[in-house]
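Chemist: below is the sequence, then the predicted model.
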Amino acid sequence: MKGCARKKRVRIGVTDVFPLNGLRVWVAGHTGMVGSAICRRLDSEDCDVLTVPRRQVDLRRQADTEAWMAAERPDVVFLAAARVGGIQANDTRPAEFIYENLAIETNVIQAAKTIGVKKLLFLGSSCIYPRLAPQPMAEDALLAGPLEPTNQSYAIAKIAGIEMCRAYRRQFGCDFISAMPTNLYGAHDNFDLESSHVAPALMVKAHAAKQAGAPEMMVWGSGKPRRELMFVDDLADALVHLMKVYSDEPHVNVGTGQDVSIAELAQLICDVVGFSGRLEYDASKPDGAPRKLLDVHRLRSLGWTSKTPLHDGLAQTYDFYLRQVAGSGTTTG
Ligand code: GDP
């Protein structure tokens with residue numbers, strides 16, 4: 001049966017065992033926050049980066065995806081295309097989250113096997129661990145308890161993608177791996193207040209409050225939940241590292257190993273933006289999971305640690321927001 005190509009590889013700890021040199025590397029989802037960060041990171045690798053706009057190939061369509069992949073024949077795939085969103089978007093549009101993610105991952109993973117992709121990296125998310133997983137969450141916490149109800153549909157789709165990589169490795173010998181990123185922020189994030197995650201949302205709100213000279217700004221929920229936030233360029237660096245050094249069934253957590261409360265995050269963002277008013281809490285909005293902090297021992301043992309402090313990453317993100325989003329009419333802020 002036609003299937004996954006095996007590239008010659010030596011398993012020797014954390015040395016480069018799968019160099020990207022000279023390979024055709026497809027970043028699926030290259031316009032998103034994660035995909036664009038992977039493209040920036042790949043600029044410093046000696047490989048050919050492939051991208052395709054959504055208007056040309058809709059990855060939810062199996063025939064289109066198969067035809068494009070068969071024609072372009074990538075050697076390596078970073079599968080960063082996904083329907084993602086913050087707590088409210090997940091809570092109110094679950095059908096889109098389960099259908100689109102299942103369609104994209106099924107189409108790309110199956111086609112990757114058919115055309116003999118040498119290596120593929122799939123992305124899960126820390127929010128697919130059980131709602132009350134012991135903290136910090138180790139990789140084996142997956143599927144060990146009930147999910148967070150506000151994003152159960154997204155979680156089930158992403159868990160299916162991780163399981164597909166494992167199954168294709170087992171049955172067909174495909175070198176498909178999965179990484180589990182923590183909450184992310186950075187350039188090209190979604191700054192739409194209705195669908196975004198907490199960091200860009202609070203940045204937009206703090207900016208608007210500062211511009212308006214408002215005495216206060218609104219933070220959803222109680223401010224008590226804790227989240228681990230990682231700068232997306234750090235994530236991209238970790239993913240390229242994993243692509244080179246990791247080749248096994250279990251997924252690998254990618255995080256900073258540190259978390260903050262939403263109230264602390266809100267204050268930090270106000271400091272970065274320069275808004276000095278009051279923080280008010282809207283109890284009508286959901287808190288979601290009480291805490292999400294990843295156990296990053298496996299990643300560290302593979303030779304990678306995150307570098308960008310939260311304050312610096314937020315300052316760079318605010319800079320991006322000011323240059324590319326604020327005033328351009330692309331935010332509902
Ligand atoms: P989650 O990590 O999947 O829960 O997704 P989010 O990043 O959307 O939300 C994280 C936490 O931040 C939740 O407790 C939210 O209630 C809280 N939060 C506070 N203010 C906001 C806001 O303006 N937007 C969002 N999305 N979350 C907020």
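Modeler: All right, it came through fine.
Chemist: give the buried residues for stretch 44-53.
Modeler: Buried residues in stretch 44-53, counting neighbours by 16 or more other C-beta atoms under 10 Å, are found at E45, C47, V49, L50, V52. C-beta coordinates here come from the backbone N, C-alpha and C atoms, glycine included.
Chemist: ugh, wrong one, stretch 64-73
Modeler: In stretch 64-73, counting by 16+ other C-beta under 10 Å, buried: T65, E66, W68, M69.
Chemist: got it, and stretch 278-293?
Modeler: Applying 16+ other C-beta under 10 Å to stretch 278-293 flags L279, Y281, P286, G288, A289, R291, K292, L293 as buried.
Chemist: can you give me the distance of the fifth one to the ligand?
Modeler: Taking C-beta to the nearest ligand atom, to the nearest Å as the criterion, A289 is separated from the ligand by 6 Å.
Chemist: that residue falls within a helix, correct?
Modeler: No. A289: not assigned to a helix; according to DSSP: H, G, I helix; E, B strand; the rest coil it is coil.
Chemist: how about the residue nearest to it when sequence neighbours are not counted, what does it touch?
Modeler: With sequence-adjacent residues excluded and distances taken as C-beta to C-beta, 6 or more residues apart in numbering, A289 is closest to E148, at 4.7 Å. E148 sits next to C127, P130, R131, A155, G288, A289 when contact means C-beta atoms under 8 Å, 6 or more residues apart in numbering.
Chemist: give me the number of residues near the residue of the stretch 51-200 of the chain found nearest the ligand?
Modeler: Across the stretch 51-200 of the chain, no residue is closer to the ligand than G86, which sits at 3.0 Å (C-beta to the nearest ligand atom). Neighbourhood size, G86 [other C-beta atoms under 10 Å]: 23.
Chemist: got the residues of this structure near the ligand?
Modeler: Residues of the chain found near the ligand (C-beta under 6 Å from any ligand atom) are 86-87, 127, 151, 183, 196-198, 201-202, 219-221, 225, 227, 262, 285-289.
Chemist: which of the residues you listed are buried?
Modeler: By neighbour count, with 16+ other C-beta under 10 Å, the residues of the chain next to the ligand hold 86-87, 127, 151, 183, 196-198, 201-202, 219-221, 225, 227, 262, 286, 288-289 as buried.
Chemist: would you mark the buried spots in the lowest-mean-pLDDT helix or strand in the chain?
Modeler: Between all helices and strands in the chain, the lowest mean by mean pLDDT, DSSP states H and E belongs to helix 87-92, at a mean of 90. For helix 87-92, burial by neighbour count (16+ other C-beta under 10 Å) applies to I87, Q88, A89, N90, D91.
Chemist: same question, stretch 242-251
Modeler: L242, M243, K244, V245, Y246, S247, H251.
Chemist: and the residues you listed, which of them are in helices?
Modeler: Using DSSP state H, the subset of these located in helices is L242, M243, K244, V245.
Chemist: with these in mind, which one is nearest to the ligand?
Modeler: Closest approach to the ligand among these (C-beta to the nearest ligand atom): L242, at 22.5 Å.
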